[in-house]
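K.L.:
fold the stuff below for me.
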Amino acid sequence: MTITGELRPPQIRSSHLHKRAIVYARQSTPRQVREHTGSTADQLKLADVARHWGWSEARIEVIDDDLGLSGTSAHNRTGLQRVFEEMDRGEIGLLLVRDVSRISRNPHDAEIFLTKLIDNGVLLYANGQLFDGATEDLAQLFGLRVHNLLAWWENQNRTRTMRSAKMAKARQGHAVTHPPLGYVRAPVKGKWIKDPDPRIQEAVRLIFDLCRKTGSVGNVIRHMRRHHMLFPRRRGPEVSWLPPSRSQVHALLTNPAYTGDYVFRRTQRTPSAKAWSGNRKMLRPETDWVTVPTHHEPYVSRDEWQTIQAALASRRPRVRPPVGRGWALLQGLIQCAPCNRFMYTRYQAHTRPGRSASYSCSYQDREDVWHFHLSCGTNLLDAYIVRRVLDALQPVQLQAALDAIEEHRIEQTVIAKAQNRQLQHAKDEVETARRRYTLANPNHRLVKADLEAQLEQALAKFDALKREMAAATPPPPIVLKAENARDLIALGERVETLWNAPTTTNLDRKRLLRLVISRILVLEKTDDFLELEIVWASGLQERCRLLLSAGVAARAYALALGGKTSAEIAAELRADGVLTIYGQPPSRYAVALKLRRRGITAKAKRHDTLVQIRALLMEGRQRREILDILNRDLPPSRRWSLKRLSKAVSKLRRGDVPDVPPLPPVLPEARERDALLQFITQRRQVGDTYAAIARELNASGRRPQFATSFRDTQVANLLRSRRAQALMRGDKHKGPRK
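P.N.:
Numbers count the residues shown, from 1 in each chain. Here you go, the predicted structure:
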């Protein structure tokens, strides 16, 4: 058939006919390709347009590589990339698409396509119209750009509408996504229930149990492969049992749906910086999640799930500085939490190991100016962390060791049962296939052949599983008695001895610390303390506070004000794990030095006590009352006695205390005693007995100096004293005996 010029649009020139006509077909999803076959056929019929306009069959090419791919990006669409390459080579004269949105719904990619179309003068047939890329009509080019923007706006609007509808349903408690492995859709719309297959439920629970014991995805995979344990994969109603993969186990362990909560919008697609990698799947912040608590029955509790997440986070590969050759043990482990930087280890030259080193957080800006944040000494921090590690590595108790062995034996039993169940399941599949093959009508040859193939497949699977289990040598059962456990615990008690052994190098100690500790975060530093967070290799996070020199001095000062001696303060600090700046337990002399800097010395304390005794005597307090006041807050070893108090009073009377005036000759206590002696003398002169005088004194509320009440003998002794004799003679100004 010959095409005349009247049937061919005027934009088509002979130069276009000598090039190829490309029909580009695309649909967004594989489901649309399967169900909307009419759309695909309609796009492929565009080849008839090219034939009608004069292109020969050899120069017409249909590119349908992108059927089932979204138009939001051009990175993963090989068909569109082919179109771009052929346009750049000048091999395309006509490009036929059903509408412009088939090219791309991304404005950036659409603009790239339009630029190539104009630069190479390619004809475009879209939306039933023919556009000439070499035209100078700005309105036509503007119309193409408007079509591209409308396609983008329509796609974004439709996506946002569908997302809003899903979010509304999710907030109402309806699940709008597919259930993960271990769950199926419930008869009630929007709800999930556990998979009715008990083997699948047991497999899911096994993954969580293994992760709690081993602490990482890799250990779970190795454990299952070592024991030839299979894991299910569900695709619709079909379930296949295959060796576990790392991605599947990781997705299961990190999915919060297994706690019973339904979570929507947990991930998002973000464009990658690399053109070839397309979009990346990223986790959203938890504040953006749409969570429905207690939506379905859980497999693990929330606390267990959080523990597993912490363990997995601690085992993620981290880029840490190298161990280094210095004597500081925490190189590459200690990190400044506010700055999110690893702290440098700074050594001073010409110093012996163990001195003049520090961990420092500092950085250099673009102008080569160093900014200092914080630093801490290596001796103190190293000794504190080593002490925590050695305490954590203490051997377990005997019963705990036996319990661990029993738990291991139970675990081996569970593994054996799981393997037997898998073998029995394969055997049941063989019997089912054999029964179907036997009951099939021999006249139906195709059915018979299909059932025979299924039987052979089941037999092959059963034989392969038996060979794998036979090849796997099960570990011998562990038999451990109490005496064996004691020997193992005795070996574990030597950890600290081995740590301090001269044959153990600093490199050995650093490697051991890296095996036990994931990292150490310095959260806050003040003049008194250092706030730390130790992240152990198991994922456990422990916060602790390390007292610095000023903090130790402040605590010692507070204890000293409470009446404790330097030795008692040092003992209490050592019991609490406090260390000096040199990493050593504080001694009595170190505590005394810190107290001396605060103005608390033994001489100063004695001086203050003598001043207090003088003030109490001037108030007229009795000796017994003064003793009670002095001993109120003192430990038993430092209590005052009557003899010691009498020596102090004598010293105060002589004026031997510097900066303290001597006691006056007559104290309020002496005046009260004189009044008491006068009272007793007057009563004796009128003929009262000693017992009557004692009763009268007790009734008036007076009390003797060293007793709770007066007796007749005490009254008689007072009357016989030299002071009483002097009063009876009228010598009122005689002072106390020197």
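K.L.:
shaky segments in the stretch 501-650 of the chain?
P.N.:
Judged by pLDDT under 70, the stretch 501-650 of the chain has its weakly predicted residues at 602, 633-637.
K.L.:
helices of that one, residue ranges please.
P.N.:
Here the stretch 501-650 of the chain has its helices, by DSSP state H, counting those that start in this stretch, at 506-516, 549-561, 566-575, 588-597, 602-618, 623-630, 642-654.
K.L.:
can I get those in a markdown table including distance to Arg160 and mean neighbour count?
P.N.:
Where C-beta positions appear, they are placed from N, C-alpha and C, glycine not excepted. Compiled in a markdown table, these are given as follows (distance: least, CB to CB, whole Å; neighbours: other CB atoms under 10 Å):
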| stretch | distance to Arg160 | mean neighbour count |
| --- | --- | --- |
| helix 506-516 | 49 | 16 |
| helix 549-561 | 56 | 17 |
| helix 566-575 | 64 | 18 |
| helix 588-597 | 67 | 18 |
| helix 602-618 | 78 | 15 |
| helix 623-630 | 80 | 16 |
| helix 642-654 | 89 | 14 |
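K.L.:
looking at the ones you listed, which is closest to Val522?
P.N.:
Shortest distance between Val522 and these, using CB to CB, is found for helix 549-561: 15.2 Å.
K.L.:
show me what that closest one packs onto, helices and strands only.
P.N.:
Helices and strands touching helix 549-561, by 3 or more CB pairs under 8 Å, 6 or more residues apart in numbering; DSSP states H and E, are helix 566-575, helix 588-597.
K.L.:
mind doing that once more with 10 Å?
P.N.:
Applying 3 or more CB pairs under 10 Å, 6 or more residues apart in numbering; DSSP states H and E, we find helix 549-561 packed against strand 529-536, strand 541-547, helix 566-575, helix 588-597.
K.L.:
for the helices of the stretch 501-650 of the chain, which one sits closest to Asn698?
P.N.:
helix 623-630 (16.3 Å).
K.L.:
circling back to that earlier point, quick one, which of the helices and strands packed on helix 549-561 is nearest to Asn120?
P.N.:
Closest among these, using CB to CB: strand 529-536, at 58.5 Å.
K.L.:
got the angle for that closest one vs helix 549-561?
P.N.:
110 degrees (axes from the mean of the first three to the mean of the last three CA atoms, to 10 degrees).
K.L.:
follow-up on the earlier one: any chance of the helices of the stretch 501-650 of the chain in TSV with distance to Ala311 as columns?
P.N.:
Formatted as TSV, the helices of the stretch 501-650 of the chain follow (distance: least, CB to CB, whole Å):
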stretch	distance to Ala311
helix 506-516	14
helix 549-561	33
helix 566-575	33
helix 588-597	41
helix 602-618	53
helix 623-630	58
helix 642-654	62
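K.L.:
quick one: closest of these to Asn106.
P.N.:
Closest to Asn106 of those, according to CB to CB: helix 506-516, at 46.8 Å.
K.L.:
for the residue sitting nearest the centre point of the chain, which three-state class applies?
P.N.:
For the chain, the residue nearest the mean C-alpha position is Ala310 (4.8 Å; CA atoms, centre = their mean). Ala310 carries the three-state label helix when classified by DSSP: H, G, I helix; E, B strand; the rest coil.
K.L.:
that one and Glu542 touch, don't they?
P.N.:
No - using CB atoms under 10 Å as the test, Ala310 is too far from Glu542 to be in contact (11.5 Å).
K.L.:
overlap of the contact sets of the two?
P.N.:
Counting by CB atoms under 10 Å, 6 or more residues apart in numbering, the contacts common to Ala310 and Glu542 are Val535, Trp536.
K.L.:
and the closest residue to Pro256 other than its chain neighbours, bridged to which residues?
P.N.:
Excluding the flanking residues, the one nearest Pro256 by CB to CB, 6 or more residues apart in numbering is Val263, at 5.2 Å. Taking DSSP bridges as the rule, Val263 bridges to Thr291.
K.L.:
circling back to that earlier point, and the helices and strands packed on helix 549-561: which comes nearest Glu304?
P.N.:
It's strand 541-547; of the helices and strands packed on helix 549-561, that one is closest to Glu304 (CB to CB) at 16.1 Å.
K.L.:
spell out which residues make up each domain of this structure.
P.N.:
14-163, 183-315, 334-394+505-546, 398-483, 548-597, 602-654, 668-729 (automatic domain parsing).
K.L.:
can you add distance to Arg494 and give those domains back as a markdown table?
P.N.:
Formatted as a markdown table, the domains of the chain follow (distance: least, CB to CB, whole Å):
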| stretch | distance to Arg494 |
| --- | --- |
| domain 14-163 | 60 |
| domain 183-315 | 26 |
| domain 334-394+505-546 | 11 |
| domain 398-483 | 16 |
| domain 548-597 | 22 |
| domain 602-654 | 38 |
| domain 668-729 | 60 |
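K.L.:
let me know whether Val122 touches Leu95 as I believe.
P.N.:
Yes - the pair Val122 and Leu95 passes the contact test of CB under 10 Å, sitting 5.8 Å apart.
K.L.:
any common contacting residues for the two?
P.N.:
With CB under 10 Å, 6+ apart as the test, Val122 and Leu95 both reach Ile22, Val83, Glu86, Met87, Phe113, Phe131, Gly133.
K.L.:
gap between the fifth one and Arg684?
P.N.:
Yep, that's Phe113 we're talking about. Going from Phe113 to Arg684 by CB to CB, to the nearest Å gives 130 Å.
K.L.:
looking at those two, which is more packed in?
P.N.:
Per other CB atoms under 10 Å, whichever of Phe113 and Arg684 has more neighbours is Phe113, with 24 against 17.
K.L.:
can you tell me the helix or strand for that one?
P.N.:
Phe113 belongs to helix 107-120 when assigned by DSSP states H and E.
K.L.:
please state the offset of that helix from the chain centre?
P.N.:
48 Å (CA atoms, centre = their mean, to the nearest Å).
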